[in-house]
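**Q** Got a predicted structure here, sequence first:
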Amino acid sequence: MTLHSIIIQKLLSTNAHIGRRVAAHHFKLFTYGMRNQLAIIDSDRTLICLRNAASFISHLAREEKARFLFVNTNPLFDEIVEQMTKKIGIYSPRDNIMWRMGGFLTNSFSPKKFRSRNKKLCFGPIQPPDCVVVLDTERKSSVILEADKLQVPIVALVDSSMPWEFYKKIAYPVPANDSVQFVYLFCNIITKTILLERKKLKAPSGNEEQALSNKASSKETQQITQSKNKRNSSPIDEVLIVPYQNLAPASNGNDIAEIKKLLDKIVVVKFNDTLGTAVGFNGPKSSIGIRDGLTSLDLMSLNLKYGCRIPLVLMNNIRTHDDSLKDLEKYSSSNIDILPLSQGQHPQKNSFSGQSRADELYPSDYAAAFLSLMKSSRTLDVLLSQGKEYAHVVSSDNVAAAVDPRILIHLSQNNIEYCMEVTPTTSSLSKSTMVNQQQAKFEGINWWVNLKAIRKLVDTDALKIDNPSLSKEVEGDQIGLEETVASSTIQLFDKVIGINVPQSRFVELNATSDLLLLQSDLYSTTEGVLIRNSARDNPANPCIELGSEFEKVSDFRSRFKSIPSIVGLDSLKVAGDVWFGAGVILKGRVSIVAKPGVKLEIPDGVVLENKSDIYEQSADGILVRNPVRANPENLTIGIGPEFEKIYLIKLDQPTNLVGEAITQGLGRVRNKKFSHSIVAMSMEAGVGVMGTKLGMMSYFEANGKVVPVTVVGFKEGNIVTQIKTDATDGYDAVQVGYRRVRDKKLTKPEMGHLEKAGVIPMRHLQEFRLQSLDGLEVGQKLLFEELFKEGDLVDVSGITIGKGFQGGIKRHHFKRGLMTHGSKSHRALGSIGAGTTPGRVYKGKKMPGRMGGTKTKIRKLKIVKIDNDLGVVMIKGALPGKPGNLLRMAPAKIVGKNIPKN
């Protein structure tokens with residue numbers, strides 16, 4: 001039997017040749033004829049069409065970002081499609097019910113209402129699929145029409161009764177009976193085709209062409225690796241997480257001799273492949289002084305306390321090796337054994353990299369890189385011969401890592417082969433002792449590996465790494481490094497645990513704001529280990545944002561006489577030419593901004609809590625203390641949450657805090673000289689703009705999900721025409737004009753008002769009542785992209801579509817009467833009032849009348865996309881009005897944040 005006969009027999013076993021009772025004229029090309037009043041489909045023709053469809057899908061799968069959309073509404077095929085999408089890692093239609101709705105590709109009603117000048121807009125921001133595969137064409141004929149409008153090629157199963165108007169729009173029809181057996185065969189062919197093309201992309205060719213194309217394909221291979229990592233992030237079902245507080249103290253029944261004996265059995269492997277260029281430091285990040293002159297390489301405290309010799313294996317790369325050798329000269333006279341290794345000295349057969357920056361690796365790859373080193377070199381034999389049993393692997397990003405005897409004692413007593421020091425990424429993790437891969441995620445920061453367990457894996461040839469090959473280029477040099485993700489490393493060992501360590505054991509140093517945290521009183525060093533200050537109640541670190549003047553380490557150190565106290569700090573923002581004195585205390589939320597060209601000096605001993613104006617600015621721009629205040633102590637002002645971030649008090653003159661104390665009331669602020677109310681809720685959270693509704697469409701996010709959005713365009717306008725102040729008009733507001741028109745379209749008073757402001761004639765004028773008018777002036781053009789960013793929430797107002805005069809059933813959703821014999825009326829409203837004289841209509845009676853055409857505001861809508869090239873913005877959801885309607889957009893009011901609670 002030939003291969004062709006075997007394939008035909010396989011098709012016949014799936015009943016693919018059985019058609020329907022009706023065979024359309026255009027389908028007779030694929031049929032033998034009729035048998036028992038059923039159309040018989042030619043299996044040879046089916047096989048040819050099936051090969052053509054598979055070849056087309058194979059060609060698309062070679063692209064870097066190929067997107068496939070599988071459409072199915074037959075419940076018999078759901079499990080087949082779900083298994084296929086999981087296998088190839090493509091978005092499953094079952095995850096979003098919107099795929100079952102008509103108009104999900106084009107939203108067929110809105111584009112018809114686009115005006116002719118808007119039809120030429122090419123909505124490039126959306127991501128339509130490259131191919132639509134329809135499994136049940138009889139049920140989803142609307143999908144075929146919509147995909148054809150977007151010129152998306154269609155691969156579909158067709159039968160003998162397929163109408164011509166739908167059949168002609170299918171690029172690759174597969175004539176067959178849509179039985180469950182054939183759908184399974186069809187999906188299996190698609191799965192194997194896509195996986196085969198991906199395997200070809202991963203496989204190295206070994207010739208010069210591969211070397212030349214490495215750089216071009218590195219991004220594509222990285223995405224494949226990341227998608228694989230996401231699917232296999234937790235190969236084991238559960239990992240035991242032990243809280244650090246449950247570990248026995250090192251001094252509890254363990255004398256110094258026993259601890260020394262254990263410490264002599266470990267080796268520290270420190271990855272030192274990251275430069276400090278992000279903070280303006282020309283050298284390895286491990287050479288930056290953290291506090292008290294100590295760097296992340298200092299292990300002398302443990303060695304001196306216990307009298308042991310903990311060797312340090314320093315994993316450098318080409319960029320950091322030479323500088324590290326110079327830094328290690330200061331340890332030449334100490335009892336620390338440091339072995340600097342360059343990762344280039346241990347080339348691997350495969351080159352792996354999962355990095356997003358050119359100067360650092362993903363932290364999850366360090367443990368696997370260490371295993372690669374143990375497998376490919378004689379380092380493992382040397383360490384075992386010296387009596388070493390455990391290796392403590394530390395990533396280059398972690399500057400607070402240190403050997404903890406408590407962890408080592410726990411690992412030794414329980415014979416643990418692999419241990420991860422983790423910090424929870426979800427709030428529920430810290431409360432549980434077992435972590436399931438479907439429930440919570442954790443982030444590995446340091447690793448402990450049993451060297452004897454590695455030797456057993458090497459001897460049994462079980463230490464295999466199957467990740468795809470990647471390459472990284474740094475300054476023209478390629479560095480080979482074999483890496484896996486942490487999940488692939490876990491599955492190699494039998495006894496695996498995680499220890500939920502304090503946040504102080506994982507502190508990054510990516511900016512000078514991190515250096516401020518490390519050098520402040522928030523942390524202290526005890527025996528070379530960073531310890532968090534117990535006086536701070538908030539478990540999270542303060543959010544610190546320093547300006548460009550503090551970007552480099554040298555500038556950072558020169559601008560602080562001493563590091564401020566930040567134990568009670570929640571957030572800090574510093575911008576401009578700001579200099580800090582000694583003994584400064586920061587509490588709550590502090591924002592210090594110096595205007596361009598102004599030097600702002602914070603005097604010694606200042607206590608800044610949320611907001612304080614005891615200090616005034618002198619003529620030369622230096623912040624000095626007001627000499628009028630007799631009390632030498634600073635006044636600490638407690639500002640409630642109603643006063644954060646925005647100005648809530650309207651004052652005719654600056655508040656005098658020199659001699660009087662200010663008290664806070666819930667709705668009013670009082671002292672002896674003034675009494676002013678908090679702003680009303682009618683004020684906007686910020687200035688907004690006006691736009692024109694263009695219509696609705698679907699937006700495809702990066703993860704493949706579809707979002708219904710309304711497209712809003714902008715005509716000429718959005719110019720400030722008037723500034724209203726409390727002194728002139730009784731309230732603070734800004735008037736904005738929109739949509740340029742001819743002079744004849746406006747009245748003389750309107751033209752006079754706009755000419756006085758020196759702006760173009762505009763049809764629409766609207767006011768935005770604001771809490772502060774800072775930075776606004778007449779004639780200023782407001783740009784949407786400058787006021788908002790993607791992800792912000794906005795309140796949108798507009799006029800709804802008018803429905804004319806409507807009855808009670810449509811206007812108020814009344815229920816009609818019974819449609820039975822003897823019913824006198826079917827759509828009557830019933831009594832509208834008293835029938836006696838004098839009669840009246842009941843107050844509040846719902847009656848027929850005008851429907852629609854009213855002003856409506858929709859709150860808290862998300863900005864999905866801002867396209868500056870097209871001049872449009874996409875807002876999630878439906879907006880009031882028809883295409884061409886005027887919309888008013890302002891920042892969403894969030895009570896308690898940008899709007900007062902009362």
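**A** Received the coordinates, thanks. Numbering: from 1, shown residues only.
**Q** make it CA atoms for all contacts and neighbour counts henceforth
**A** Fine.
**Q** Residue 12 falls within a helix, correct?
**A** Yes: counting by DSSP: H, G, I helix; E, B strand; the rest coil, residue 12 falls inside a helix.
**Q** So residue 750 versus residue 736, what's the distance?
**A** 13 Å (CA to CA, to the nearest Å).
**Q** Kindly report the same for residue 503.
**A** 49 Å.
**Q** isn't residue 247 right up against residue 410?
**A** Yes: taking contacts as CA atoms under 8 Å, residue 247 lies within contact range of residue 410: 6.9 Å.
**Q** In terms of helices and strands, where is residue 696?
**A** If you go by DSSP states H and E, residue 696 is part of strand 689-700.
**Q** on that earlier part again, mind checking which of residue 503 and residue 736 has more residues around it?
**A** Between residue 503 and residue 736, residue 736 has the larger neighbour count (other CA atoms under 10 Å), namely 27 against 17.
**Q** Spatially nearest residue to the more buried one (excluding sequence neighbours)?
**A** residue 720 (4.5 Å; CA to CA, 6 or more residues apart in numbering).
**Q** ok now do residue 792, which residues does it touch?
**A** 862, 863, 891 (CA atoms under 8 Å, 6 or more residues apart in numbering).
**Q** the domain parsing of this protein - what is it?
**A** 3-202, 238-505, 512-626, 640-678, 681-801+850-902 (automatic domain parsing).
**Q** for residue 156, which residues make a bridge with it?
**A** residue 134, residue 173 (DSSP bridges).
**Q** From residue 266, how far out is it?
**A** Distance from residue 156 to residue 266, by CA to CA: 62 Å.
**Q** Show me where the stretch 51-200 of the chain dips below the pLDDT cut-off.
**A** For the stretch 51-200 of the chain, the stretches flagged by pLDDT under 70 are 64, 91-127, 138-141.
**Q** where do the strands sit along it?
**A** 68-71, 131-134, 154-158, 172-175 (DSSP state E, counting those that start in this stretch).
**Q** Out of those strands, the one nearest residue 40 is which?
**A** strand 172-175 (10.7 Å; CA to CA).
**Q** Least confident of the domains of the chain, on average?
**A** Within the domains of the chain, confidence is poorest for domain 640-678, with a mean of 36 (mean pLDDT).
**Q** need the helices for the stretch 801-902 of the chain, in chain order.
**A** Ranges of helices within the stretch 801-902 of the chain are 808-812, based on DSSP state H, counting those that start in this stretch.
**Q** Sorry, wrong one. I was asking about the stretch 401-550 of the chain.
**A** 405-414, 451-459, 486-490, 512-519.
**Q** Out of those helices, the one nearest residue 755 is which?
**A** Across the helices of the stretch 401-550 of the chain, closest to residue 755 is helix 512-519 (CA to CA), at 49.7 Å.
**Q** Quick one, which of the helices of the stretch 401-550 of the chain gets closest to residue 190.
**A** Checked against CA to CA, the stretch from the helices of the stretch 401-550 of the chain lying closest is helix 486-490, at 27.9 Å.
**Q** tell me the contacts of the closest residue to residue 61 other than its chain neighbours?
**A** Nearest residue to residue 61, sequence neighbours excluded (CA to CA, 6+ apart): residue 194, at 5.8 Å. Residue 194 sits next to 57, 58, 61, 88 when contact means CA under 8 Å, 6+ apart.
**Q** Among these, which ones are in helices?
**A** Cross-referencing these against helices under DSSP state H gives 57, 58, 61, 88.
**Q** Could you tell me which of these count as buried?
**A** With neighbours counted by 16 or more other CA atoms under 10 Å, these contain buried members at 57, 58, 61.
**Q** ok, so what distance separates the last one from residue 192?
**A** Computed as CA to CA, the residue 61 to residue 192 distance reads 11 Å.
**Q** cool, and residue 53?
**A** Relative to residue 192, residue 53 is positioned 13 Å away (CA to CA).
**Q** Looking at these two, which is more packed in?
**A** residue 53 (21 against 16).
**Q** Leaving out the residues flanking it, which one is nearest to that one?
**A** In space, residue 53 is closest to residue 172, 5.7 Å off (CA to CA, 6+ apart).
**Q** ok, now residue 850?
**A** residue 805 (4.4 Å).
**Q** any idea how far that neighbour lies from residue 842?
**A** Counting by CA to CA - residue 805 and residue 842 are separated by 21 Å.
**Q** Residue 789 contacts residue 866, correct?
**A** Yes: in terms of CA under 8 Å, residue 789 counts as a neighbour of residue 866; the distance is 7.5 Å.
**Q** Run through the helices of the stretch 551-700 of the chain in chain order.
**A** 553-558.
**Q** so what secondary structure elements neighbour the helix or strand where residue 271 lies?
**A** Residue 271 is part of strand 266-272, with elements assigned from DSSP H and E. Here strand 266-272 touches strand 312-316, strand 390-394, going by 3 or more CA pairs under 8 Å, 6 or more residues apart in numbering; DSSP states H and E.
**Q** just checking, which of the ones you listed sits deepest inside the structure?
**A** For the helices and strands packed on strand 266-272, average neighbour numbers computed from mean count of other CA atoms under 10 Å are highest in strand 390-394, which has a mean of 24.
**Q** what angle sits between it and helix 405-414?
**A** 140 degrees (axes from the mean of the first three to the mean of the last three CA atoms, to 10 degrees).
**Q** Okay, now the sheet partners of strand 390-394, with direction.
**A** Counting by DSSP bridges, strand 390-394 is paired with strand 266-272 (parallel), strand 442-450 (antiparallel).
**Q** my read: residue 577 touches residue 549, true?
**A** Yes: at 6.8 Å, residue 577 and residue 549 qualify as touching, with contact defined as CA under 8 Å.
**Q** pretty sure residue 48 is in a helix, no?
**A** Yes: assignment of residue 48 by three-state DSSP places it within a helix.
**Q** nearest spatial neighbour of residue 546, skipping sequence neighbours?
**A** Per CA to CA, 6+ apart, closest to residue 546 is residue 574, 5.0 Å.
**Q** Counting neighbours, what do you get for that neighbour?
**A** 19.
**Q** My read is that it contacts residue 592, right?
**A** Yes: if you go by CA under 8 Å, residue 574 and residue 592 touch, sitting 4.9 Å apart.
**Q** pull the CA atoms of stretch 516-529 into PDB?
**A** Taking C-alpha atoms only, stretch 516-529 is exported to PDB below (Å, rounded to 0.1, in the frame of the first residue of the first chain):
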ATOM      1  CA  LEU A 516      19.500  56.600  49.200                       C
ATOM      2  CA  LEU A 517      17.400  53.700  50.700                       C
ATOM      3  CA  LEU A 518      20.600  51.700  51.500                       C
ATOM      4  CA  GLN A 519      22.500  54.600  53.100                       C
ATOM      5  CA  SER A 520      19.600  56.000  55.100                       C
ATOM      6  CA  ASP A 521      18.500  55.000  58.600                       C
ATOM      7  CA  LEU A 522      16.000  52.600  57.100                       C
ATOM      8  CA  TYR A 523      18.700  50.000  57.000                       C
ATOM      9  CA  SER A 524      21.600  49.200  59.300                       C
ATOM     10  CA  THR A 525      24.500  46.700  59.200                       C
ATOM     11  CA  THR A 526      25.100  44.100  61.800                       C
ATOM     12  CA  GLU A 527      28.000  41.600  61.200                       C
ATOM     13  CA  GLY A 528      28.000  42.600  57.500                       C
ATOM     14  CA  VAL A 529      24.200  42.000  57.000                       C
END
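**Q** can you redo the contacts of residue 194 as TSV with distance to residue 756?
**A** Shown next, in TSV, are these (distance: CA to CA, whole Å):
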residue	distance to residue 756
57	64
58	66
61	62
88	65
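**Q** rewinding a little: contact partners for the residue nearest to residue 850?
**A** By CA under 8 Å, 6+ apart, the neighbours of residue 805 are 848, 849, 850, 851.
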